[in-house]
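In: Sequence first, then the predicted structure, then my questions.
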Amino acid sequence: MKDDLEHSSASAKSEQSGSTCSPHSARQDLISTFEEIVGRKNVLTKESRTAYYRSGFRSGYGGALAIVFPGTLLEQWEVLQACVDGNCAIIMQASKTGLTEGSCPSGFDYDREVVVINITRIKRIILLDGGKQVVALPGSTLHELTQELQKVNRAPHSVIGSTTIGASIVGGIANNSGGALCKRGSAYTELALYAQVDKAGKLNLVNHLGIRNLGETPEEILTRIEQGDIPAEDVEGKDKSASDREYKQRIRNLDADLPNRFNADPSRLYEVSGSAGKVAAFAVRVDSYPLPTRKQVFYLGTNDPANFVTLRQHILKNFAELPDMCEYMNRPIFDTAARYGKDVFLSIRHLGTKRLSRAYALKSAVEYYLNKIPFLPKYLPDQFLYFLSRLFPQHLPKRLLEYRDRFEYYLMLSMSDDGIEEARQYLAEEWGQIDGVAYFECTDQEQEAALLHRFAAAGAAIRYQTLHQKTTEEVLALDIALLGNDPEWVESPPPEIAEHLDLGLFYGHFMCHVFHHDYIFKKGTDLEAMKSKMLERLDTKGAKYPAEHNVGHMYEAEQTLKEFYEELDPTNTFNPGIGKADKKRRIVIT
């Protein structure tokens, strides 16, 4: 069977100088084509209905001709063909949980029509070899994968904060999403089925899924995969990685010249992996892992961050079993999340994660209409949810609140199976004997609350800024990978930055040395100037950024990443402008 199958679309139309959109009749013809493929109700063109899908999770907004929702892999292929035939810019979109504006249009200055293809209707998870690996179709989510794997006593390749609000498996692979797992590293696979536009402007289906006998044509292959009947003898590709299997070794190397995981790492850029939507994925194959039989979270506090350095170095050098997770918070983010992330905490606990992504979409639609009313404050639903949450009683357990009063810095150290006793012994006999530190073993209720509180921290800065929008600028959020031996991991902004700060919030994945810094500056501050100064400081430390949210439209891509994108997408058809690149269509002369 051929590995690379080409199916040509009609030749792309030549770009017309100065043209910003196609004639009205051509636009209508294209919309009609979409409706014929996926059905009229699955094509959105009205501004108010497309607003949610044309905006990012935290920021970002742009224009699009249509939002199209294919319901099958074959429909996705046909929509892609129609877009290429119509010389459109294509943005692939899943659950829209990214934080750097990478899954939505950016502005209104594209040189051709933009079409957003949202693939959340195409859901299926196919277990291979009793669930040791899975094939995931593009709309399948990490939450659904977690539930499916629990049936066979397995755990997913990745756990990230947005797992609970519908983050997709394919989206995680495309953005090398990092997450909280110390043993897995960033989402990664070398086994995928995807569409690519070549230098001649032709749409090709590339089958590197490692499964034989799927057929010869795109129609045969896509239909066969979606049916999900894959005999064990047809599964090949065992020599290819379906997760970052080397991460456990990298995280232990405290003296490496590079951080152990970051988006532009050349060793983790492979076809769909790290592609940031520069190709259109139809399916990815990923590993799963045995589910632990026991888990225990230890809650640690100190006023001297050097004490956490001691703990980290000992664990990474000496523990036979790595932690499952080790999450860090400081007191300002603890307080901000407790107050401004309370509704998120309560929503997950009482509504459940299955309903949460729909709730976000509904909130965004309501915001769109209310934001058009001049005399109303922006983001009124956020303000309503904040004040509503204040009516509920204290949601955090007593011991967490006591540690908040006693200490400035906190860790949530999650161990499993044999690692539990290893951590228990070290904390009791060595680390716990250091002056000025303390820890306790969480009950089930405390464990759930601590981890939910850490998740709520991710959106707390946005909520704070929304409630203080008259006196503050938009949130400046950085996700940073530090060198493994960087002793100055606690952020302390210099005076020229601190004098403009209203609030600085710092949290992250401590063992991985990946941190999230959310800065809220006073009204009138030049955010670009502040960002430039902070990135210069990070460069001198050998840090890498972004660490796990990818460049989106908020960061300039490193040269290695730019070259990778151009190799994947030579005509700049998919997600143009990503990494602050040019949005114009490229004409490749061969």
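Out: Nice, thanks for sending it over.
In: got the contact list for the closest residue in space to Y519 that isn't next to it in sequence?
Out: Using C-beta to C-beta, 6 or more residues apart in numbering and skipping the chain neighbours, the partner closest in space to Y519 is L476 (4.4 Å). Placement of C-beta: from N, CA and C, glycine included. With contact taken as C-beta atoms under 8 Å, 6 or more residues apart in numbering, L476 is in contact with 518-521, 527, 530-531.
In: rerun at 7 Å
Out: 519, 521, 527, 530-531 (C-beta atoms under 7 Å, 6 or more residues apart in numbering).
In: same deal with L396?
Out: Contacts of L396 were listed using C-beta under 7 Å, 6+ apart, and they are 338, 449, 453.
In: Give me the helix or strand of the chain that scores worst on average pLDDT.
Out: strand 4-6 (a mean of 40; mean pLDDT, DSSP states H and E).
In: Which strands and helices lie in contact with the helix or strand following it?
Out: Note on strand 4-6: by DSSP states H and E, the next helix or strand toward the C-terminus is helix 24-38. In terms of contacts (3 or more C-beta pairs under 7 Å, 6 or more residues apart in numbering; DSSP states H and E), helix 24-38 is packed against strand 43-44, strand 66-68, helix 73-85.
In: The closest residue to F69 other than its chain neighbours - how many residues pack around it?
Out: By the measure of C-beta to C-beta, 6+ apart, the closest residue to F69 outside its immediate chain neighbours is N42, 4.1 Å from it. One way to gauge burial is a neighbour count; for N42, by other C-beta atoms under 10 Å, it gives 18.
In: again, but for K317
Out: By the criterion of other C-beta under 10 Å, K317 has 9 neighbours.
In: For it, which residues are in contact?
Out: The neighbours of K317, taking C-beta under 7 Å, 6+ apart as the test, come to nothing; the list is empty.
In: Convert the C-alpha atoms of the helix or strand where it lies to CSV, please.
Out: Counting by DSSP H and E, the element that carries K317 is helix 306-318. Once non-C-alpha atoms are left out, helix 306-318 reads as follows in CSV (Å, rounded to 0.1, in the frame of the first residue of the first chain):
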residue,chain,number,x,y,z
ALA,A,306,15.3,27.2,48.2
ASN,A,307,13.6,24.4,50.3
PHE,A,308,11.6,23.4,47.2
VAL,A,309,14.8,23.3,45.2
THR,A,310,16.3,20.9,47.7
LEU,A,311,13.2,18.7,47.4
ARG,A,312,13.2,18.8,43.6
GLN,A,313,16.8,17.9,43.2
HIS,A,314,16.5,15.0,45.6
ILE,A,315,13.4,13.5,43.9
LEU,A,316,14.8,13.8,40.4
LYS,A,317,18.2,12.4,41.4
ASN,A,318,17.2,9.7,43.9
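In: Does T293 touch I420 like I think?
Out: No: taking contacts as C-beta atoms under 7 Å, T293 lies outside contact range of I420: 10.3 Å.
In: If you count surrounding residues, which of those two has more?
Out: I420 (19 against 8).
In: which SS state does that one fall under?
Out: Three states are possible here, and by DSSP: H, G, I helix; E, B strand; the rest coil the one that applies to I420 is helix.
In: That one reaches Q296, doesn't it?
Out: Yes: with contact taken as C-beta under 7 Å, I420 and Q296 are classed as touching, separated by 4.6 Å.
In: What does G130 show for phi and psi?
Out: For G130, the backbone dihedrals are phi 70, psi 20 (criterion: degrees, to the nearest 10).
In: right, I mislabeled it, should have said V197
Out: phi -100, psi 120.
In: Which residue, other than its chain neighbours, is closest to it?
Out: For V197, the spatially nearest residue (C-beta to C-beta, 6+ apart) is T573, at 4.5 Å.
In: can you tell me how far that neighbour sits from L181?
Out: Taking C-beta to C-beta, to the nearest Å as the criterion, T573 is separated from L181 by 34 Å.
In: on that earlier part again, if you rank the contacts of L476 by neighbours, which is first?
Out: Y519 (25 neighbours).
In: average model confidence for the helix or strand encompassing A155?
Out: For A155, the element it lies in under DSSP H and E is strand 154-156. Averaged across strand 154-156, the pLDDT comes to 92.
In: For stretch 376-393, buried residues please.
Out: For stretch 376-393, a neighbour-count test (16 or more other C-beta atoms under 10 Å) marks 379-383, 385-386, 389 as buried.
In: Report the mean confidence score over the lengthiest strand in the chain.
Out: Among the elements of type strand in the chain, defined by DSSP state E, the one spanning the most residues is strand 280-290. The predicted model assigns strand 280-290 a mean pLDDT of 96.
In: ok, then the element right after it?
Out: Next helix or strand after strand 280-290 toward the C-terminus (DSSP H and E): strand 295-302.
In: okay, I348: pLDDT?
Out: I348 is given a pLDDT of 78.
In: how much space between it and N263?
Out: Applying C-beta to C-beta to I348 and N263 gives a distance of 27 Å.
In: How about D479?
Out: Using C-beta to C-beta, which is the criterion applied here, D479 is 9 Å from N263.
In: Can you check which residues contact both of the two?
Out: Where contact means C-beta under 7 Å, 6+ apart, the residues bridging D479 and N263 through contact with each are 546-548.
In: Rebuild the contacts of L396 as TSV, extending it with distance to E220 and neighbour count.
Out: Compiled in TSV, the contacts of L396 are given as follows (distance: C-beta to C-beta, whole Å; neighbours: other C-beta atoms under 10 Å):
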residue	distance to E220	neighbour count
A338	55	20
A449	51	19
H453	49	26
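In: Would you format those as CSV with secondary structure included?
Out: CSV is the format used below for the contacts of L396 (three-state DSSP):
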residue, secondary structure
A338, helix
A449, helix
H453, helix
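In: Give the buried residues for stretch 251-263.
Out: Buried positions in stretch 251-263, judged by neighbour count with 16+ other C-beta under 10 Å: 251-252, 258-263.
In: If you could redo that for stretch 142-153, that was the one I meant.
Out: In stretch 142-153, the ones that count as buried by 16+ other C-beta under 10 Å are 142-146, 148-149.
In: and what of stretch 289-302?
Out: Buried residues in stretch 289-302, counting neighbours by 16+ other C-beta under 10 Å, are found at 292, 295-302.
In: Could you dump those into a markdown table and include distance to V197?
Out: Written out in a markdown table, the entries for those read as follows (distance: C-beta to C-beta, whole Å):
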| residue | distance to V197 |
| --- | --- |
| P292 | 43 |
| K295 | 45 |
| Q296 | 50 |
| V297 | 47 |
| F298 | 50 |
| Y299 | 50 |
| L300 | 50 |
| G301 | 53 |
| T302 | 53 |
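In: if we can go back for a sec, of the buried residues of stretch 251-263, which is the nearest to M92?
Out: The shortest gap between M92 and any of the buried residues of stretch 251-263 belongs to N263, at 17.3 Å (C-beta to C-beta).
In: Need the pLDDT of the closest one.
Out: N263 is assigned a predicted lDDT (pLDDT) of 91.
In: Can you report phi and psi for it?
Out: In terms of degrees, to the nearest 10, the main-chain angles of N263 are phi -60, psi -30.
In: ok, now the one 4 residues further on?
Out: The phi/psi pair for S267 (degrees, to the nearest 10) reads phi -70, psi -10.
In: and it, how many neighbours?
Out: Residue crowding around S267 was assessed by other C-beta under 10 Å; the count is 10.
In: Also I434?
Out: Counted with other C-beta under 10 Å, residues neighbouring I434 total 14.
In: so which strand or helix has H517?
Out: strand 514-521.
In: For that strand, name the packing helices and strands.
Out: In terms of contact count using 3+ C-beta pairs under 7 Å, 6+ apart, strand 514-521 is assigned the packing partners helix 444-467, strand 476-481, strand 501-509.
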